[in-house]
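S.K.: Need a 3D model of the sequence below.
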Amino acid sequence: MNRVPYKILIVEDSAEDRYALTRKLQSSSGQTFSITEARNGSEGMVQCLASPPDCILLDYQLPDLNGVEFIASLHAELDGKLPAIVMLTGLGNEKLAVEAMKAGAQDYLVKGLDQERIYQAINTAIESVSQRRTLEAQELQVQTLSQDREKLIQELEQRANELAQIDQRKDIFLATLAHELRNPLAPIRSAMDILKYEQAHNKRVTELRQVVERQVQHLTMLVNDRTDVARISSGKVVLKRKPIALADVIARSVEICSDLLACNHHTVELSQPAETVLLDADPVRIVQILVNILANACKYTLEPGTIRLEARVMQELVIFTITDPGIGMAESVLPTIFGIFTQIQPPEGHKQEGLGIGLSLAKQFAEMHGGTIVPDSKGPNQGSVFTVSLPVVIQSPSAATMAAAVTATSTSLQKAVTPRLVMVVDDNADAADLLEMLFLTAGFSVIKAYSGTEAIESALKFKPEIVVMDLGMPGMNGFEAIRQIRQQPNGSAITAVALTGWDKDATRTQTVEAGFDHHLVKPIDFEKLNQLLQPRG
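M.R.: Numbering: from 1, shown residues only. Next up, the predicted model:
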């Protein structure tokens, strides 16, 4: 039997019945009740509202209203939060019992039962109400939690949308920044190329040109790396595999890093197979892997030293090992160095350099080739070793594949045998003027236009063989200008080259659809442009 001291209200119009119930409850063995009485329904209602009991022993037949009516009135007053109710009647009537239970009573007793049956009814009724209220509270709690969950989900979705918009705006900003940086880099690069050929005999000019060239190359690499990060994160980078000679990969990587190596007074020691080895890889990305690691080696080798680049072949694997005598890394740092924007802390007194992008890109490009990059170091000031393994070796290449992959390159400016007329179109006067000078140096005849409209008129008047056109011009852009030029007599025979600061796949697709033959991203390498325009055959 439950021994909690319950508060009991007896609503009974018969004084004898009230007395008998009270005596039975007070004589309970060990059970304590706090008992109050009411002579009719109105008194009972007042007491219930003033101090709600745990249980009501309610006579069915009251002088002012019956028990069912009492329950209905109490239900309305307490907004459905009824206490435990045991209905009492002098007659055993199943119909009344059903009516009472439907109204909200927990039990129905015939008067005159022994005290144990009354105790049991009270405890059962109170327990039933308690359980019901517990369930109601739990349901309310579940409902509240569900509402809180829905609210949290909505807040998270809203926050995710906000973050996505912020990320999109960031990518647009960085892409626009890259575009805007490439535009001024274009005339600077052209000016360097002119100085290379016009002032090659002047040592002082050569030294100054090399300084500018190194800085432009560094800035271009920073812009390209940041653009690649955005493109990889959005899944827009696709490898363009083709056969390429291992020796050419190494030569090109060292060539790109040559100014950085010279500036830091480092030397490179190379080791590679004597025989020709062909790789099935994206030439740009595989060179980028090696360049980013070599650049890191230069940056973190603080004193003049020797950086070793070794390439060896094991069946279908080409394994590059880049070893530097630099600041090294603690073992705890090794697993973290490929994280985006992660930088190794330099020794005290040396400034932090770079954006922490190069190694992350190198790892992702290696994995896109099905390969790996493994870093190693014996500790701080013990140098570092990076091992790049790529399953890209072509086994037993055919003669045709060999001929396609192994090509001779020239570092001298190839002049046109017969002057060809090229039209340079750019709203940036500096860029157009310097590109004109380069074409003149290479033996071309040149006309210029500073807008899309002017380009259309000049093309009709002078009939150029080649059009080299900027895309992002005010008024009429390069896309529309080349479309109209293609519609002119002999317009289909023109070789059209698009110049742009946008390095996006969508832009490349647009240039092809507009009618361009080639797409070059600023700042351009004029030697490559010149070779691109040389007659074939």
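S.K.: Under the pLDDT cut-off, which ranges of the stretch 401-537 of the chain? List them.
M.R.: Within the stretch 401-537 of the chain, the stretches with pLDDT under 70 are 401-418, 505, 536-537.
S.K.: Helices of that one, residue ranges please.
M.R.: Along the stretch 401-537 of the chain, counting by DSSP state H, counting those that start in this stretch, helices occupy 429-441, 452-462, 478-486, 505-514, 526-533.
S.K.: Can you spell out which helices and strands pack onto the first one?
M.R.: Contact here means 3 or more Cβ pairs under 8 Å, 6 or more residues apart in numbering; DSSP states H and E; on that basis helix 429-441 packs against helix 115-198, strand 421-425, strand 445-449. Where C-beta positions appear, they are placed from N, C-alpha and C, glycine not excepted.
S.K.: Comparing these, which comes out most buried?
M.R.: strand 421-425 (a mean of 24; mean count of other Cβ atoms under 10 Å).
S.K.: what does it contact?
M.R.: The contact list for strand 421-425 (Cβ atoms under 8 Å, 6 or more residues apart in numbering) reads 432, 435-436, 439, 444-452, 454-455, 458-459, 462-470, 473, 478, 481, 533.
S.K.: I'd like the mean pLDDT over stretch 69-89, please.
M.R.: Average pLDDT, stretch 69-89: 87.
S.K.: Can you lay out the helices and strands packed on helix 429-441 as CSV showing distance to L317?
M.R.: Shown next, in CSV, are the helices and strands packed on helix 429-441 (distance: least, Cβ to Cβ, whole Å):
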stretch, distance to L317
helix 115-198, 35
strand 421-425, 45
strand 445-449, 49
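S.K.: May I have stretch 486-506 exported as PDB, CA atoms only?
M.R.: C-alpha atoms of stretch 486-506 as PDB (Å, rounded to 0.1, in the frame of the first residue of the first chain):
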ATOM      1  CA  ARG A 486      33.300  35.400 -88.600                       C
ATOM      2  CA  GLN A 487      30.300  36.500 -90.600                       C
ATOM      3  CA  GLN A 488      32.400  38.800 -92.800                       C
ATOM      4  CA  PRO A 489      33.900  37.700 -96.200                       C
ATOM      5  CA  ASN A 490      37.000  35.500 -95.400                       C
ATOM      6  CA  GLY A 491      36.000  35.700 -91.700                       C
ATOM      7  CA  SER A 492      36.000  31.900 -91.400                       C
ATOM      8  CA  ALA A 493      39.700  31.700 -92.400                       C
ATOM      9  CA  ILE A 494      40.900  33.900 -89.600                       C
ATOM     10  CA  THR A 495      42.900  32.300 -86.700                       C
ATOM     11  CA  ALA A 496      41.200  33.800 -83.600                       C
ATOM     12  CA  VAL A 497      42.900  33.700 -80.200                       C
ATOM     13  CA  ALA A 498      40.900  34.700 -77.100                       C
ATOM     14  CA  LEU A 499      42.800  36.500 -74.300                       C
ATOM     15  CA  THR A 500      41.200  36.600 -70.800                       C
ATOM     16  CA  GLY A 501      41.800  36.900 -67.100                       C
ATOM     17  CA  TRP A 502      39.100  34.300 -66.500                       C
ATOM     18  CA  ASP A 503      40.400  30.800 -66.100                       C
ATOM     19  CA  LYS A 504      37.100  29.000 -66.000                       C
ATOM     20  CA  ASP A 505      35.800  26.000 -68.000                       C
ATOM     21  CA  ALA A 506      32.600  27.800 -68.700                       C
END
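S.K.: So which bits of that stretch are buried?
M.R.: Neighbour-count burial for stretch 486-506, counted by 16 or more other Cβ atoms under 10 Å, picks out 486, 491, 494-504.
S.K.: wait, which of these is closest to P325?
M.R.: Closest approach to P325 among the buried residues of stretch 486-506 (Cβ to Cβ): D503, at 35.2 Å.
S.K.: re the thing from before, wait, which of the helices of the stretch 401-537 of the chain is closest to Y6?
M.R.: Minimum separation from Y6 across the helices of the stretch 401-537 of the chain (Cβ to Cβ) falls at helix 505-514, 77.9 Å.
S.K.: Now that closest one: buried residues?
M.R.: 507-508, 510-511, 514.
S.K.: after the helix or strand containing V287, next one along is what?
M.R.: Using DSSP states H and E, V287 falls within helix 283-300. On the C-terminal side of helix 283-300, the nearest following helix or strand under DSSP H and E is strand 306-314.
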